[in-house]
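Enquirer: Below: sequence and its predicted model.
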Number of protein chains: 2
Amino acid sequence: MTDAPITSENRYIVPALAQGLGILSLFGGGNRSFTAPEIAKALSLPRTKVFRLLQTLQSMDYVRCGEDKRHFTLGPALLRGGFEYLASLDMVEVAQPVLQRLRDETGLSSHMAIRDKREIVYVSRFPARSTIASSVNIGTRFPVHATIMGRMTIFEMGDKELEALFGDQPFERFTPQTPTTLDALKALLAEDRKRGYAVSQAFFETGVSAIAAPVHDGAGGVVAAINVTAVNAHIDEQAMHGALKDAVLEAASEISRWLARKN
Amino acid sequence: MTDAPITSENRYIVPALAQGLGILSLFGGGNRSFTAPEIAKALSLPRTKVFRLLQTLQSMDYVRCGEDKRHFTLGPALLRGGFEYLASLDMVEVAQPVLQRLRDETGLSSHMAIRDKREIVYVSRFPARSTIASSVNIGTRFPVHATIMGRMTIFEMGDKELEALFGDQPFERFTPQTPTTLDALKALLAEDRKRGYAVSQAFFETGVSAIAAPVHDGAGGVVAAINVTAVNAHIDEQAMHGALKDAVLEAASEISRWLARKN
DNA sequence: CAGCATCGTTCCATTAGTAAAACGACAGTT
DNA sequence: AACTGTCGTTTTACTAATGGAACGATGCTG
């Protein structure tokens, strides 16, 4: 976060707010607590400012400080926003019964995710009833380029849009099948568009298969994606491109139809 | 939010951050979208500042603006924080199987909540399998003074602590049984301490019965509360003070014992 | 179709939040 | 025990964020 030049993008950004939120987004991925100096180093901010930001976050219960008075952890105020947001998503409400039925029909774990920048965020899930089931939680984030649900959310993007989204950022490789260039991703997207759905060949995790389809809103744009997942041993290639894909596509279009009525 | 005097409490508060977070906490309770002028009025902030705060929140996906470019709604960035927070609570992990068993044993909806200022926040829930079940979601907030789970979380507070917490704020009345003064609340707390648990006589919602017990951490302090709830028709007074209260107390102390081992 | 009101956005002088230096306290090291 | 480094906290000169005025656009109202 070196002093960025004044562009049309950040001209009206309030630094204090952005930095305070930046502290919150440090947490996650195993990092459950930070000390003030750690935060200062991570964000390259002056110690004195981190001190004041933390006081503010603490006073509003967005962070709490441990008994040692040194380590800060996330606070309960975050729960308000997160779940208010979920409640505000008509989409999730609508999708809930459809996803549940999809799970029951296929016997596999079903999920819905939306896109946030270059990540997808799980907003709903129904784990398979079998002993080995999907363990992703609501709120889990995965990179768009490495997941078929991610690809579904950028289903209809043009070349300029795609370049604006991914810019020059490198594509992290998760498995040998992960696309590592924008061109490779575009090639996959072209196939997806023809089919109208996508089947995972271990782009993100080896040994896990998935089928995903896009969800449209009333205006026709892609607003989310759904999928079903299972370990490879539980599904065969035949079914994936047959009855299984039909079930996923049918569920996706049912959610889309409901959303179209809402507006 | 009239210009507060400089006290030891707010001396190091960063206004921009506090106000930005203030915008986020406007959402909730049915208010799913706001325009910039609405926010400015609600927080009595200058229009120009609200404009910049919204730009900042929007750039970080904490809010999103609708198609009409006027209405702002919550954004997906909030999900990250909310679920990171839940994941950071060892308590929830530990409680999960115990609450599930409590639900299955009693046939009623079981919940766990923690306290945030004068509110309790639901952090875990297992709805009863019956058709009419508890509909509170994780993240739901209720006032401490009007709920038995709330009373359990202030179980061991002394008089000064209680007065510091509630100050001169009025006690909202939800049912005829809701305590409306600090003294009335103290009287109920005294009974709670003797019993070690609490039974709802419709303090918060008429027609709904509940039994709650406090959860302690290794240090012995109250860190959460659990309860079971059902519509009155589903449970009888006898069972509430008998087998039912035993089940809740046993579950609470089991969670407490697990927490003690952790540290 | 004026007239008025309110919107989003921009500009700029001024104030208010900040960065740096400094303090006292503590922990580890020589 | 003195030294060195780092911590949380406080103070203050100064820079940068701010609030008010103002602009053009839009949407009512009579």
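Expert: Yes, it's here.

Enquirer: Please state the offset of the helix or strand harbouring A:V215 from the chain centre?
Expert: Under the criterion of DSSP states H and E, A:V215 resides in strand A:208-216. Chain-centre distance of strand A:208-216: 14 Å, with Cα atoms, centre = their mean, to the nearest Å.

Enquirer: cool, and stretch A:68-87?
Expert: Chain-centre distance of stretch A:68-87: 19 Å, with Cα atoms, centre = their mean.

Enquirer: Give me the domain ranges for chain A.
Expert: With automatic domain parsing as the criterion, the domains of chain A are listed as A:15-77, A:89-262.

Enquirer: ok, A:V121 - how many residues close by?
Expert: With neighbours defined by other Cβ atoms under 10 Å in any protein chain shown, the count for A:V121 comes to 22. Glycine gets a C-beta too; all of them are placed from N, C-alpha and C.

Enquirer: residues touching it, list them.
Expert: By Cβ atoms under 8 Å, 6 or more residues apart in numbering or on different chains, the contact list for A:V121 reads A:113-115, A:139-141, B:76, B:79-80.

Enquirer: And the helices in the stretch 1-150 of chain A?
Expert: A:15-24, A:36-43, A:47-59, A:77-88, A:90-106, A:148-153 (DSSP state H, counting those that start in this stretch).

Enquirer: helix or strand right after the last one?
Expert: Read it as helix A:148-153. Per DSSP H and E, the helix or strand that comes after helix A:148-153 is helix A:159-166.

Enquirer: picking that back up, DNA strand C: which of the domains of chain A is closest?
Expert: domain A:15-77 (3.3 Å; Cβ to the nearest atom of the strand).

Enquirer: What residue, apart from its backbone neighbours, is nearest A:A18 spatially?
Expert: Excluding its sequence neighbours, the residue lying closest to A:A18 (Cβ to Cβ, 6 or more residues apart in numbering or on different chains) is B:T56, at 5.3 Å.

Enquirer: hang on, A:Q100 packs against A:S124?
Expert: No: judged on Cβ atoms under 8 Å, A:Q100 makes no contact with A:S124 at a distance of 9.4 Å.

Enquirer: More neighbours: those two, which one.
Expert: A:S124 (23 against 14).

Enquirer: any idea how far B:A190 is from the more buried one?
Expert: 45 Å (Cβ to Cβ, to the nearest Å).

Enquirer: hang on, the earlier thing: need the domains of chain A in TSV (columns: mean pLDDT).
Expert: Below are those laid out as TSV (pLDDT from 0 to 100):
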stretch	mean pLDDT
domain A:15-77	91
domain A:89-262	89
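
Enquirer: Show me what from the stretch 51-200 of chain A comes close to DNA strand C.
Expert: Within the stretch 51-200 of chain A, the positions near DNA strand C by Cβ under 7 Å from any atom of the strand are A:R52.

Enquirer: what do you get if the cut-off is 10 Å, keeping everything else the same?
Expert: Within the stretch 51-200 of chain A, the positions lying close to DNA strand C (Cβ under 10 Å from any atom of the strand) are A:51-53, A:56.

Enquirer: When you filter these down to buried only, what's left?
Expert: A:51-53, A:56 (16 or more other Cβ atoms under 10 Å in any protein chain shown).

Enquirer: Tell me the one among those residues nearest to A:Q177.
Expert: Closest approach to A:Q177 among these (Cβ to Cβ): A:L53, at 42.0 Å.

Enquirer: What number of residues are in the vicinity of the residue in chain A that DNA strand D sits nearest to?
Expert: Nearest to DNA strand D in chain A, going by Cβ to the nearest atom of the strand, is A:P37, at a distance of 3.2 Å. Residues contacting A:P37 under the criterion other Cβ under 10 Å number 12.

Enquirer: Quick check, it in contact with A:R47.
Expert: Yes: the pair A:P37 and A:R47 qualifies as a contact (Cβ under 8 Å) at a distance of 6.6 Å.

Enquirer: Now the phi/psi pair for the closest residue in space to A:F83 that isn't next to it in sequence, please.
Expert: Using Cβ to Cβ, 6+ apart and skipping the chain neighbours, the partner closest in space to A:F83 is B:G139 (2.8 Å). Main-chain dihedrals, B:G139, degrees, to the nearest 10: phi 100, psi -20.

Enquirer: who touches B:G139 in this structure?
Expert: Contacts of B:G139 (Cβ under 8 Å, 6+ apart): A:79-80, A:82-84, A:86, B:82, B:121-122.

Enquirer: Nearest to B:Y62, out of these: which one, please.
Expert: A:G82 (10.9 Å).

Enquirer: what sits against the residue nearest to A:A18?
Expert: So B:T56 contacts A:12-14, A:17-18, B:20 (Cβ under 8 Å, 6+ apart).

Enquirer: A:A239 too?
Expert: A:A239 touches nothing, counting by Cβ under 8 Å, 6+ apart.

Enquirer: Relative to A:G107, how far out is it?
Expert: Taking Cβ to Cβ, one finds A:A239 at 11 Å from A:G107.

Enquirer: Which parts of the stretch 101-250 of chain A are strands?
Expert: For the stretch 101-250 of chain A, strands defined by DSSP state E, counting those that start in this stretch occupy the ranges A:109-116, A:119-126, A:141-143, A:198-199, A:208-216, A:222-231.

Enquirer: In CSV: the ones you listed, plus distance to B:L43.
Expert: Converted to CSV, those look like this (distance: least, Cβ to Cβ, whole Å):
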stretch, distance to B:L43
strand A:109-116, 26
strand A:119-126, 28
strand A:141-143, 30
strand A:198-199, 44
strand A:208-216, 35
strand A:222-231, 30
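
Enquirer: So which of the ones you listed is nearest B:H216?
Expert: Here strand A:119-126 is closest among the strands of the stretch 101-250 of chain A (Cβ to Cβ), at 32.3 Å.
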